[in-house]
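1. using only what follows, build the 3D model:
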Amino acid sequence: MPVPELMTWIPVQRRWTKMYCGRRYYVSARQLGTLETKEASLAAANQWWRDKQSELDYAYRASARKPAPMEDLAAANMGVSPDLFGNVRLMLEQALLAEEGQRKAGKPAPPSNETADEDIPIPSLTPADTDPELIRRREVMALLEKLLFGDAASLPPVVAEQLPPARVQQIESAARVIRGESSAAPGRTVQEQADAWLKKNNGRVTPVHWNNLRHCLNHFVAFLGESADVAIVSGEQLDGFHFFCLSKIGEKAAGNKAGWSERYAKEVFAIARSWVRWLWGKGLIELPRNLDSREWGFGLTAAKIVTWSAEEVQHVIGEAPGKLKLALLLMLNCGMTQKDVSDLKDDEMRWHEGRIERQRSKTRRRKGTPTVCYKLWPETFALLKQYRSGQENVLLTKSGKTYLRQAHEGGKLVSRDIIAGSFRQLCKRLGFKKQMKQLRKTSATMLESHPVYGRFTSFFLGHAPASLKDRHYARPDQALFDEAVNWLGQQFGFVG
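-> Okay, the predicted model is just below:
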């Protein structure tokens, strides 16, 4: 029978992790005294967690009070500090443990006139009731208990004046959580600020990109807590979220479908950092000092470039029906994607010359995106003239709609890609497994292989020039580029 895993293994860090009562715990294989592998440290990690959980559960029982909702998150917000005001809940637990020790030793607990909501007596912290320090602590404890368990909305001035404003905000926020209330003032919750950031980006990016931002940011929002105050965002929280992303990579490596790829984990974490920087720009939080840390890596490996062979190109495009065939040819001839094909405008065509002159749809709003003039292969141009709509968009469906439609409806992305749907049907009929987006890579790879024409690869793809010379001084020669595109058509058998 397989041994159960009480904790989650993080391969990159060679350590185990566990989330319990709103806090995350870690232990490395080295700390456990075993080999730094999952199999060798599993039994020791299970035993370590059983011991740790027993220790934590005893602390809960010793408090003689059922924890309120989200109380542990409140304790985490308040932080652990030797300062008297640093962690109210920890002080209460220590006081109750001291009282229990005195009871077991046969010593009566010192009298107290202050009681909490559940009439739990406040124990003495020193043997002498007349000690001025004890009296001061008792008064402070009574005030804090009223905040935590009573009806006080804020710290009394006598206490607040002795603390930094940030600490006052943390304690009051934690108290609201313990009472089961929202820990944030209106407009300051993590979810509200996440929605505000997404609303700001709506319209600035494509619907697909915006939908990806929403999905990725939701992971960080769930990690922080939707109703928490954005003040909770800190360097420590970012560090914890980084380990969370690494653990999801570990799940993927272990065969868990809920895990993430390295690339997706990197994207999720990058979007979380962008949102944190935006919060700082609005003055809602202090900028975490580790925000731009170089230690946050994900071990990315270069993705393998998959292309079609010339035989596959001829076979699949030869079997494709009219408009799908045209779309596939445009992807090879001009390095287009489905969106480029759908967005192709009539005024971007030079009908009398058989050319397309345009910027790439994805990056046309970015500075430096080049306008590229492509010489069309004879078959590509013939199909374009055959299926020309005569309207603003060159290619339209029978119902007069574009081939790619993306929009937000009811807070969700609604996407309709007729080209992709037609291609899937073709692949099913032919038993073909490769992806349509690889056609753009196929042309670029073929062009890159030529000793002279390879210099045009980035220009062919519509990428912004990288060098100062290409950006400001030297424009690619159009006649030589026409030769490169013509040569490309010859390699695939579309130009004689």
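2. where do the helices of the stretch 251-400 of the chain begin and end?
-> In the stretch 251-400 of the chain, the helices defined using DSSP state H, counting those that start in this stretch lie at 262-281, 310-319, 322-334, 338-343, 378-387.
3. tell me where the model's unsure across the protein.
-> 1-2, 58-156, 158-160, 162-171, 173-185, 300-303, 408-412, 472 (pLDDT under 70).
4. by contact count, what packs against the lengthiest helix in it?
-> Looking across the chain with DSSP state H, the single longest helix is helix 38-62. The contact analysis (3 or more C-beta pairs under 8 Å, 6 or more residues apart in numbering; DSSP states H and E) places helix 38-62 against strand 8-10, strand 15-20, strand 23-28, helix 29-32, helix 88-104. All C-beta spots, glycine's among them, are computed from the backbone N, C-alpha and C.
5. would you mind getting the angle between that helix and strand 23-28?
-> 140 degrees (axes from the mean of the first three to the mean of the last three C-alpha atoms, to 10 degrees).
6. got the buried residues for helix 38-62?
-> Buried residues in helix 38-62, defined by neighbour count with 16 or more other C-beta atoms under 10 Å: Lys38, Ser41, Leu42, Ala44, Ala45, Asn46, Trp48, Trp49, Lys52.
7. how about the residues you listed in CSV, adding distance to Thr380?
-> Below are those laid out as CSV (distance: C-beta to C-beta, whole Å):
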residue, distance to Thr380
Lys38, 54
Ser41, 60
Leu42, 59
Ala44, 65
Ala45, 61
Asn46, 63
Trp48, 65
Trp49, 63
Lys52, 66
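8. now, which of those residues sits nearest Leu404?
-> Distances from Leu404 to the buried residues of helix 38-62, taken as C-beta to C-beta, are shortest for Lys38 (44.4 Å).
9. residues in contact with the residue nearest to the closest one when sequence neighbours are not counted?
-> Excluding its sequence neighbours, the residue lying closest to Lys38 (C-beta to C-beta, 6 or more residues apart in numbering) is Trp9, at 4.5 Å. Applying C-beta atoms under 8 Å, 6 or more residues apart in numbering to Trp9 gives the contacts Arg15, Trp16, Lys38, Leu42, Ala45, Gly250, Ala254.
10. if we go to 7 Å?
-> Residues counted as contacts of Trp9 (C-beta atoms under 7 Å, 6 or more residues apart in numbering) are Trp16, Lys38, Gly250.
11. that one bridge partners, please.
-> Trp16 (DSSP bridges).
12. roughly how far does it sit from Gln237?
-> Applying C-beta to C-beta, to the nearest Å, the value for Trp9 to Gln237 is 23 Å.
13. just Leu376 next, same as before
-> Taking C-beta to C-beta as the measure, Leu376 falls 54 Å from Gln237.
14. the two: who's more crowded?
-> Leu376 (22 against 18; other C-beta atoms under 10 Å).
15. confirm for me that the more buried one is in contact with Asn333.
-> Yes. Leu376 is within contact range of Asn333, at 6.1 Å (criterion: C-beta atoms under 7 Å).
16. so how far is Leu224 from Pro11?
-> 25 Å.
17. gap between the two ends of stretch 277-293?
-> From its first residue to its last, stretch 277-293 covers 13 Å (C-alpha to C-alpha, to the nearest Å).
18. swap in stretch 384-403?
-> Counting by C-alpha to C-alpha, you get 15 Å between the two ends of stretch 384-403.
19. wait, isn't Leu488 in contact with Met446?
-> Yes. Assessed by C-beta under 7 Å, Leu488 is found in contact with Met446 at 6.1 Å.
20. those two: which is more packed in?
-> Leu488 (24 against 21).
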